[in-house]
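Enquirer: I'll drop the sequence and a predicted model, then ask my questions.
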Amino acid sequence: MPAKDDHTDRVFCGTIVHSTKSDPLEIRENAILGVKRGKVLFLDGKDRLQQRLREHELDTECLVNLTPRQFVMPGLVDCHIHSPQLAITALGTDKGLLDWLTTYTYPAEARFADHDFAHQAHHKTVRRTLRGGTTLASYYSTIHTDTTLLLCQAADELGQRALVGKVNMDLIAPEFYRETTQQSVAETERFLDEVLSYKSGLVTPVITPRFAPSCTLPLMTKLGEIAKERNIPIQTHLSETVEEIETVMKLHPGHQSYTEVYDAAGLLGPKTILGHCIHLSDKEIDTLKSRDCGLVHCACSNNTLRSGVMDIRRLMDRGLKLGLGTDMAGGYTTSMLASIRHSVDVSNMCAIHSHNKQRQNGEHQQASNHTTDGSPPYRPLTMAEAFRLATLDGSSVLGQNCGNFEPGREFDGLLIDPEVKDSPLDLFDFDTPDDVVQKFLYTGDDRNISKVYVQGREVVSRTE
Ligand SMILES: [Zn+2]
């Protein structure tokens, strides 16, 4: 890592898997996927290969012939991850959110004042996530501007597409890990200037007020103004735990809800990315929908810290923009494959809970597949929908033009090999391509991710 070959043109021949707006899991056998200068050129049937090569002046040297079991899929998109928390991954899961932050997180993040440590640690995170197939991530860093720039550098050097945010905190936080409002604003401006002047093709700065308990309203308002003036995305946490909501209501009196606090500060808009969003009222959902915000489901973290059960179907049915996030280290893994599985598991729990509730109320399902009051039964998240959330939908929440293989998109992809020597998948002769993809999504891991491409560059190769 990173790529030896910069933006090499390629034509993959074999099975191509991706999502479209109408199909959450499209599996195209005998397909060709053309990539030129980092972008998707065409996705077509193999019978059109010669014609496509001539049309685009590509020679046969750029052909990548896949084995019958291999397939190419879009890179995974982690819409919510804390790079500095890698060192505390899987630690302190006995605590709830607010205790966990004070006991483990803030001391761990304070270490990022140290340049050498931060350089090493941020590179470690980016290497780990890229290796797991995350080609696009939205990172929370720490309050330190200079070492947050090292995270931008790590993504750029190792070849990962990333949103990176310097965290803002001027309210409840320990003395050793807190800024004044003026410092926080000035350092945010400096961070934006630095990142934007660097003109990276991969890194986008994102304004990152940690969450309403750690930011004053004047700070959040000023950050909202900066985001608007400079057209910068915003990321923060919303409605993760009940205790957190109570804290917000005490710290920011005069507002009806947690969402309203952010709205009053001018933080909600189409470029806003909100992590968790578990305990929302219908009114809050209406506000988030009208502001066209993106919401991130962090299922592993929600389970690990026992923050709550997020009903993603409720939000999907209301048409909100949604993606998935690991929320490492609230979540104990950087793996987006795990996020996909956790999201399906949590939704299954919602379905079981809903079914039990109906039974208790005497509303047994009828042959018409409807409850006695006429409402349809709960529809748990399908694996195909979770796949789209982790690729195409995540890309949309982060405002990026990748996530599937429509011509013109940036090519961020994974070459999956279900038959590597140490593969955790058990395949049988009669498995269809659809079976193989499902087995990978449920039981595959890094070992099956043979190559990772970002912007057309090969940034990870398992044979290296
Ligand atoms: Zn988080």
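Expert: It's in. Numbers count the residues shown, from 1 in each chain.

Enquirer: could you point out where the protein is predicted with low confidence?
Expert: Scanning the chain for pLDDT under 70 picks out the ranges 1-7, 363-375, 464.

Enquirer: So which bits of it are right by the ion?
Expert: With C-beta under 5 Å from the ion as the criterion, the chain comes near the ion at residues 275, 327. For glycine as for every other residue, the C-beta is placed from the backbone atoms N, C-alpha and C.

Enquirer: Of all the residues in the chain, which one is nearest the ion?
Expert: Using C-beta to the ion, the closest approach of the chain to the ion is made by D327 at 4.4 Å.

Enquirer: Which residue ranges of the stretch 101-250 of the chain form helices?
Expert: Under the criterion DSSP state H, counting those that start in this stretch, the stretch 101-250 of the chain carries helices at the ranges 106-110, 115-131, 145-158, 181-198, 217-230, 242-251.

Enquirer: Tell me which of those helices sits most buried.
Expert: Comparing those by mean neighbour count (mean count of other C-beta atoms under 10 Å), helix 145-158 comes out on top with a mean of 22.

Enquirer: just the angle between that one and helix 115-131, please?
Expert: 40 degrees (axes from the mean of the first three to the mean of the last three C-alpha atoms, to 10 degrees).

Enquirer: how near is the residue of the chain closest to the ion to P213?
Expert: 16 Å (C-beta to C-beta, to the nearest Å).

Enquirer: Neighbour count: the two, which is higher?
Expert: D327 (30 against 23; other C-beta atoms under 10 Å).

Enquirer: So that one sits against C300, correct?
Expert: Yes: applying C-beta atoms under 8 Å, one finds D327 in contact with C300, separated by 7.0 Å.

Enquirer: Quick one: the helices in the stretch 301-450 of the chain, in order.
Expert: Listed in chain order, the helices found in the stretch 301-450 of the chain under DSSP H, counting those that start in this stretch are 312-317, 336-360, 383-388, 394-397, 433-443.

Enquirer: does the residue lying closest to D434 once chain neighbours are set aside count as helix, strand or coil?
Expert: Spatially, and ignoring its direct neighbours in sequence, D434 is nearest to I27 (5.8 Å; C-beta to C-beta, 6 or more residues apart in numbering). What DSSP: H, G, I helix; E, B strand; the rest coil gives for I27 is strand.

Enquirer: Check the burial of I27 by counting its neighbours.
Expert: Count around I27 with other C-beta under 10 Å applied: 19.

Enquirer: So which of the helices of the stretch 301-450 of the chain has the densest surroundings on average?
Expert: A comparison of the helices of the stretch 301-450 of the chain by mean neighbour count, using mean count of other C-beta under 10 Å, puts helix 394-397 on top with a mean of 27.

Enquirer: quick one on the thing from earlier: between the helices of the stretch 101-250 of the chain, which gets nearest to G14?
Expert: Evaluated over those, closeness to G14 peaks at helix 115-131, with 23.0 Å, by C-beta to C-beta.

Enquirer: Would you mind listing the outside residues contacting the closest one?
Expert: 1, 78, 81, 83-84, 86-87, 111-112, 137, 139, 141-142, 144, 146-147, 150-151, 153-155, 157-160, 162, 334, 446, 449, 452, 454, 459-460 (C-beta atoms under 8 Å, 6 or more residues apart in numbering).

Enquirer: Next: stretch 30-44.
Expert: Against stretch 30-44 from outside (C-beta under 8 Å, 6+ apart): 7, 9-16, 28, 45-49, 52, 56, 58, 72, 405-411, 453, 455-457.

Enquirer: Can I get stretch 85-98 as CSV, trimmed to CA atoms?
Expert: Taking Å, rounded to 0.1, in the frame of the first residue of the first chain, the C-alpha atoms of stretch 85-98 are listed here in CSV:
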residue,chain,number,x,y,z
GLN,A,85,-10.7,5.2,19.6
LEU,A,86,-8.9,2.2,18.0
ALA,A,87,-6.8,1.8,21.1
ILE,A,88,-9.8,1.3,23.3
THR,A,89,-11.7,-1.0,20.9
ALA,A,90,-13.6,-3.7,22.9
LEU,A,91,-12.8,-2.0,26.2
GLY,A,92,-15.2,-0.8,28.9
THR,A,93,-18.3,-2.3,27.5
ASP,A,94,-19.6,-2.6,31.0
LYS,A,95,-20.3,1.2,31.0
GLY,A,96,-23.1,3.1,29.5
LEU,A,97,-22.4,5.9,27.0
LEU,A,98,-21.7,8.9,29.3
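
Enquirer: please renumber so the chain begins at 10
Expert: Shifting the count to begin at 10 puts that one at stretch 94-107.

Enquirer: Buried residues in it, which are they?
Expert: Buried residues in stretch 94-107, counted by 16 or more other C-beta atoms under 10 Å: 94-98, 100-101, 104, 106-107.

Enquirer: what do you get for stretch 285-304?
Expert: Residues of stretch 285-304 classed as buried under the neighbour-count rule (16+ other C-beta under 10 Å) are 285-289, 293-294, 296-297, 300, 302-304.

Enquirer: Could you do stretch 173-192 as well?
Expert: Buried residues in stretch 173-192, defined by neighbour count with 16+ other C-beta under 10 Å: 173-182, 186-188, 190.

Enquirer: The residues you listed in strands, which ones?
Expert: Using DSSP state E, the members of those that fall in strands are 173-174, 176-177.

Enquirer: Among those residues, list the two that are farthest apart in space.
Expert: Pairwise over these, using C-beta to C-beta, the maximum falls at V173 and N177, 13.7 Å.

Enquirer: Sounds good, over and out.
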